[in-house]
Each structure stands twice: as structure tokens, then as C-alpha cells.
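Colleague: predicted coordinates and the sequence they were generated for:
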Amino acid sequence: MTSPVRRVIRGQQAAYGKRRKMNMEKKPNVIVILNDDMGYSDIGCYGGEVNTPNLDSLAAQGLRLSQFYNTARCCPSRASLLTGLHPHQTGVGLLTKDQVPYGYPGSLNRNCVTIAEALKSAGYSTYMSGKWHVTGNRSTQENWPRQRGFDRFFGTIAGAGNYFNPATLTLDNEKIPNVARDPGFYYTDAISEYAVRFVQEHLSEHAGAGDSRQPFFMYVAYTAPHWPLQAWEEDIAKYRGRFDKGWDVLRQERLEQMVEMGLIDPKWKLTERDPSQPEWKDAENLEWQKRRMEVYAAQIDRMDQGIGKLLKALQDGGQMEDTLILFLSDNGGCAEVLTSGAFMTSNKKGEPVDSCNDPNVMPGSENTFQSYGVAWANLSNTPFRLYKHWIHEGGISTPFIMHWPGRIKERGGIRHTPGQLTDIMATILDVTGAQYPEEYQGNRIAPLEGKSMVPLLDTDRMERKMLFWEHEGNAAVREGKWKLVRKHAKAWELYDMQEDRTETMDLSAGHPDITVRLAAAYEEWAARCGVISWEGIMTGERLAREARKQ
């Protein structure tokens, strides 16, 4: 039986209308939409229960990639996406904390250029709305968006925080005092509103004769649905009862949806429920558990509503046909559990809000600060295992949508060719004709690591070199169907991605030659890209703590 989501997608494909002939002399606008801590299967067009009609529409009229990969953590993913390099090469190999001399500096270095810097040199206007999170310097502005190629910026310099009263809220280079105390302020809405404003102001400014097609690049970086679980009550209400079946049944239902959609091969087994989590029928505090997932879904829903407003602004301005839109998430679903004292924020009244996953407190309001936990993250990453931080498929797999009506002929197509974040810069340079510099502002720039995905606009065939990952000592290399992956300090595991993408059958013992060869390739890559051993970083952190006590 055809699923409701698939019927909607088919209907949208038919209803979209006849594609206008594209003027290939025009440089396309480019919009990259990144969201935060969302699993592979949450949104409707990837099999989930969350109502995402605007993302579903982009998928129906564009392409979905089934095997696109991030780097398993917020700021390293942003650094890689923005520069076309591996995060270790940019200075943001872990977080935005300065760990020199033991670890990474935690800020974008000057041996990389951002997409905005490259496109500005090619005559593009450049805008950003949302979470920056690629510098640890909140007071000095040398690595803020305006200093790294963006003409306009609204958002937060730091990472996660209270949606109703975020810290480090900034417009261009100026901190915004007290704006978050407006009763109607919600960060996801503000990100959408400024993205729309920047597009409308751009089109108005360049509406003169001969200048109406001044191209722009827009980077929209949502924090949704990263913890804390905070959303408008009206959005939460939409999902009451939606997750009452519990994580066991919903994981199976999602898998069936994805198989029907053609995203997942039916021979791949659903991974077992996380062994640390109970069966749904044995779970405690069920009302609280359901509420957690309802708020999480509401956060994604609100983001999708904002994306709809951005799409309308493009349509009203006559820009939809010639705009390449990319959508993805920065890592897999997040299984982090928040404990009291881990994070402290304040509500709009300035009252302190403590982070604590307390079953006696229903999440959602600005006075709560909770996460949705391991079992729901396990659902988000269906059918894969593990989460944000790890390099197994649950940690690095993201939905990826490409939408470009003036260029994509196959509406609703799926591409299974693997790709990763470094490919985004290469793709954007390819479609815009912009050049990747060997030097920029007197600094030598590291060679681009990614590969253009433009061939995937027409076919599911593209020459693909090895893919590599490392985060917190978790590591992987993929060549063709083979993926070699390990947890920190554990043995290498080998999987056949054609037969077993859910990583249930370790084949390393039966293929020692492949294991040794791929492990050697990984070590060579790690040395070339400046990967610092996790053991070295942790030892350095311990020594630094001991020195501070003396």
C-alpha cells in the first residue's frame, strides 16, 4: 500500500507544472539550509512522523540523497561545510574551545576560505541567518561571519542555548541587547524572519534595470531541534498522541516507510534497540517520555514553517527557478542526557534556568532545559545505530535535499551515490563558476578536499574517491562498498555497505587484507589532515587541569 507521504510527493511532482527553460548564462542563487542534531529519519520525506510539508515539497520537486554524510558533531560539521575541508584542517577539529598546545585552536584558521569569501570574490552578495559556532572568540570579531565573507549576519556566535532568550545574539557585528525579552521572540522564528528579510532587501536593492539578477548566497543555520526542548505550545499540541506507539513500533514503521520510498534497501536489517533502553511497554514516566518527542517534533515543525516563508519570498521575487537549495543536518540524532548544573541559562525575565532531564517537569517552556534522550535518538536515527559523536551510520547519516527547478529534470529522484560535507563547497563553486583560491588575503589556502556533485543532478553515477571521518577518536574510511569504522580505543570493524548498511555484520575477520589496507589509508589521511589523537588531547586536558590546581 502506498504511504501517505509518498502519495503527497507523487501528487506534488505532477502538480508542480512544466519546467521553464533555464537561461544558462545566469549565475544561480544558492541557499544552504542546515539544521542541528536531527536524525536521518525524522522528516516526512525520509519516513518520519514530523509534519514537514515544505521540505517534503522540496524533495518532491528535487532530489534526495540517501547516503550523504556529515562529521558527527555541530561545529566540526559547520567548519567542513563552510570551507570544503576536513574540520581538522580548519582549526575546528573538535569544539570551539582553544585547546592549544594539546589540541585544536577551536576557531577557523586563515588557511581556509568560506563559501561566502569565495563567492564574494565572484560578485555574489552573501547573507547568513542562524548559528555560527566556528569560533571560540565571542568578544573579538576576527572570525565572526562579517569578517569571513558575509555581507549581512543575524544569529548567535555561540552554539546551543535557550530558544526564548539566546546568548550572543548578534546583528552584523553588533550584539542585540534585550531583544530576546520580547514576549513574541523565538529563535527559530527569528532565523527564518531574517533570512526572508535579507532576500527581500537584496531583491529590492538590485531591482534596477540590468541588475535584477545580482546573485546571492544565503546560509540559513537553524539550531532546531538541538536541545533544550523548547517550543510554542501551539506546535507541541499538533503532536499529542503522535508518538504514543512508542519507539519500538515507530522504528519498525519508519523502516517500512523508507523501504517503500526507495531510500533503504529491504535487505538491510533494522538495528536492535539500544541495549541501555527498555522496551516501550516497560518504560517509566510515559507521559513525560511522549512529551519529550512531541516537543522535539514541534521544533522541527516550526523550522519547516519558516522554510516555507523563505520559499514564498523566493517565489514572490521570481527567484525560485534559478536558485539551488540544499538542506541537511549537522549530525545524527543526539543521545546526550542533560543533568543538573551542566548548563545554566536564563528566561526572558532574567531568572536562571537549570538543565535537568527531570521526569517530574514537562519540557517545552522557556523555564525548562531538557533533551529527548537515548531511546528517542535511537528512533531518529532509524534504521542505523549509535548517535552524534560516533562515526557509525547513526552518527553521520543525514537527510540531504537538492532543489533547483531550472536545472533538475528528474523530480522526486533519489541518488544513492555517497557524498560528504566537503563536497558542498566544490558543488557550489562548480554551479557558480567561482574560483577556489590558492591564496587569500596573503594566506596560503589548503587545497579543496571535496568533489562536485553536479553529475548527480542528472544521474546516479559519479566517480567517488575515499571518504574519511574522525571525531573524538571515533574514525572511519569508506571506499566503494567497504566501510572500515571504529569506536575510540576499539578494534576496527568492516562492513559491506551494499549488503549491510545498518552495520550488523562485522566482516573484518574474514577480510584482513581489506581491513589492513583501509586502516593504512586512514592513517595516511589523518597525518595529512592534521588529526590530533584523542589520547593526546585528553592527556593534555588532564595536564592542564593539574597545572591549574597547583
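Modeller: That came through, no problem.

Colleague: what ranges do the helices span in this structure?
Modeller: Assigned helices in the chain, in chain order: 4-15, 53-61, 74-83, 87-90, 115-120, 187-205, 233-237, 246-261, 286-316, 373-380, 393-396, 422-432, 512-528, 534-549 (criterion: DSSP state H).

Colleague: save the ones you listed as CSV, and put in mean pLDDT, mean neighbour count and distance to L448 too.
Modeller: Just so you know, the C-beta spots here come from the backbone N, C-alpha and C atoms, and that holds for glycine as well. Putting those into CSV (pLDDT from 0 to 100; neighbours: other C-beta atoms under 10 Å; distance: least, C-beta to C-beta, whole Å) gives the following:
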stretch, mean pLDDT, mean neighbour count, distance to L448
helix 4-15, 45, 15, 34
helix 53-61, 98, 23, 27
helix 74-83, 98, 30, 9
helix 87-90, 98, 26, 11
helix 115-120, 98, 23, 10
helix 187-205, 97, 20, 27
helix 233-237, 98, 15, 40
helix 246-261, 98, 19, 32
helix 286-316, 98, 21, 28
helix 373-380, 98, 24, 32
helix 393-396, 98, 29, 21
helix 422-432, 98, 22, 6
helix 512-528, 98, 15, 14
helix 534-549, 83, 12, 26
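
Colleague: tabulate those helices in a markdown table, adding columns for distance to N474.
Modeller: Conversion of those to a markdown table gives the following (distance: least, C-beta to C-beta, whole Å):
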| stretch | distance to N474 |
| --- | --- |
| helix 4-15 | 32 |
| helix 53-61 | 29 |
| helix 74-83 | 12 |
| helix 87-90 | 13 |
| helix 115-120 | 27 |
| helix 187-205 | 30 |
| helix 233-237 | 34 |
| helix 246-261 | 23 |
| helix 286-316 | 24 |
| helix 373-380 | 16 |
| helix 393-396 | 8 |
| helix 422-432 | 18 |
| helix 512-528 | 12 |
| helix 534-549 | 8 |
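
Colleague: of these, which approaches Y104 most closely?
Modeller: If you check each of the helices of the chain against Y104 by C-beta to C-beta, helix 87-90 wins as the nearest, at 7.1 Å.

Colleague: what's in contact with that closest one?
Modeller: The contact list for helix 87-90, computed with C-beta atoms under 8 Å, 6 or more residues apart in numbering, reads 71, 75-77, 79-80, 83, 93, 104, 108-109, 111-112, 134, 446, 449, 470, 529-532.

Colleague: now, of those residues, which are buried?
Modeller: 71, 75-77, 79-80, 83, 93, 104, 108-109, 112, 134, 446, 449, 470, 529, 531-532 (16 or more other C-beta atoms under 10 Å).

Colleague: on that earlier part again, closest to H488 out of the helices of the chain?
Modeller: helix 534-549 (5.5 Å).

Colleague: now do that closest one: distance to the chain's middle.
Modeller: How far helix 534-549 lies from its chain's middle: 30 Å, per C-alpha atoms, centre = their mean, to the nearest Å.

Colleague: my read is that G433 contacts V30, right?
Modeller: No - with contact taken as C-beta atoms under 8 Å, G433 and V30 are classed as non-touching, separated by 11.8 Å.

Colleague: these two: which has the busier surroundings?
Modeller: Ranked by neighbour count (other C-beta atoms under 10 Å), G433 and V30 place V30 first, with 25 against 10.

Colleague: okay, that one and A221: tell me how far apart.
Modeller: Here V30 is placed at a distance of 14 Å from A221 (C-beta to C-beta, to the nearest Å).

Colleague: now do Q99
Modeller: 24 Å.

Colleague: in terms of neighbours, single out the busier of those two.
Modeller: In this comparison of Q99 against A221, neighbours counted by other C-beta under 10 Å, the higher total goes to A221 at 25 against 18.

Colleague: partner residues bridging the more buried one?
Modeller: Note on A221: beta-bridge partners L34, G130, judged by DSSP bridges.

Colleague: ok, it touching V134?
Modeller: No - with contact defined as C-beta under 8 Å, A221 does not count as touching V134 (10.1 Å).

Colleague: now the common contact residues for these two.
Modeller: The contact lists of A221 and V134 share R78, where a contact means C-beta under 8 Å, 6+ apart.

Colleague: low-confidence stretches in the stretch 301-450 of the chain?
Modeller: Scanning the stretch 301-450 of the chain with the threshold set as pLDDT under 70 gives no residue ranges.

Colleague: where along it do the strands fall?
Modeller: Along the stretch 301-450 of the chain, the segments classed as strands by DSSP state E, counting those that start in this stretch run 323-329, 344-346, 352-354, 397-403, 413-415, 419-420, 439-440, 443-444.

Colleague: of all those, which one comes closest to R501?
Modeller: Comparing these by C-beta to C-beta, strand 397-403 comes nearest, at 8.8 Å.

Colleague: just list what the closest one packs against, helices and strands only.
Modeller: Identification of packing neighbours for strand 397-403 by 3 or more C-beta pairs under 8 Å, 6 or more residues apart in numbering; DSSP states H and E yields helix 53-61, strand 63-69, strand 323-329.

Colleague: pipe the ones you listed into a markdown table and attach distance to E193 per row.
Modeller: Putting those into a markdown table (distance: least, C-beta to C-beta, whole Å) gives the following:
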| stretch | distance to E193 |
| --- | --- |
| helix 53-61 | 15 |
| strand 63-69 | 27 |
| strand 323-329 | 18 |
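
Colleague: for D458, find the nearest of those.
Modeller: Taking C-beta to C-beta as the measure, those were each checked against D458, and strand 63-69 came out nearest at 10.0 Å.

Colleague: among the helices of the chain, which is nearest W280?
Modeller: Minimum separation from W280 across the helices of the chain (C-beta to C-beta) falls at helix 246-261, 2.8 Å.

Colleague: hmm, back to that, can you tell me which of the helices of the chain is nearest to F217?
Modeller: Each of the helices of the chain has some distance to F217 by C-beta to C-beta; the shortest is helix 115-120, at 4.7 Å.

Colleague: keeping just the C-alphas, turn that closest one into PDB.
Modeller: Extracted in PDB, the C-alpha atoms of helix 115-120 (Å, rounded to 0.1, in the frame of the first residue of the first chain):
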ATOM      1  CA  ILE A 115      31.900  29.700   0.700                       C
ATOM      2  CA  ALA A 116      31.000  33.300   1.300                       C
ATOM      3  CA  GLU A 117      34.500  34.500   0.800                       C
ATOM      4  CA  ALA A 118      34.900  32.500  -2.400                       C
ATOM      5  CA  LEU A 119      31.500  33.700  -3.800                       C
ATOM      6  CA  LYS A 120      32.100  37.400  -2.800                       C
END
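
Colleague: for that helix, the distance to its chain's centre please.
Modeller: With C-alpha atoms, centre = their mean as the basis, helix 115-120 stands 20 Å off its chain's centre.

Colleague: kindly report the same for stretch 79-87.
Modeller: The chain centroid and the centroid of stretch 79-87 are separated by 13 Å, computed with C-alpha atoms, centre = their mean.

Colleague: what's the span of that stretch, first residue to last?
Modeller: In stretch 79-87, first residue to last residue: 6 Å (C-alpha to C-alpha, to the nearest Å).

Colleague: can you start the count at 42 instead of 1 from here on
Modeller: New numbering, starting at 42: the last item is stretch 120-128.

Colleague: CA atoms of stretch 502-521 as CSV?
Modeller: The C-alpha coordinates for stretch 502-521 follow below in CSV (Å, rounded to 0.1, in the frame of the first residue of the first chain):
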residue,chain,number,x,y,z
ARG,A,502,26.7,7.9,-11.3
MET,A,503,29.7,9.8,-10.1
GLU,A,504,33.4,8.9,-9.6
ARG,A,505,34.0,8.8,-5.9
LYS,A,506,37.3,8.8,-4.0
MET,A,507,37.7,7.6,-0.5
LEU,A,508,35.7,9.3,2.3
PHE,A,509,37.2,9.8,5.7
TRP,A,510,36.0,10.8,9.2
GLU,A,511,37.4,11.3,12.7
HIS,A,512,35.8,12.7,15.9
GLU,A,513,36.9,12.1,19.5
GLY,A,514,39.0,9.2,18.3
ASN,A,515,36.0,7.6,16.6
ALA,A,516,37.1,7.1,13.0
ALA,A,517,36.1,5.6,9.6
VAL,A,518,37.1,5.3,6.0
ARG,A,519,34.9,4.3,3.1
GLU,A,520,35.9,3.1,-0.3
GLY,A,521,33.1,1.9,-2.6
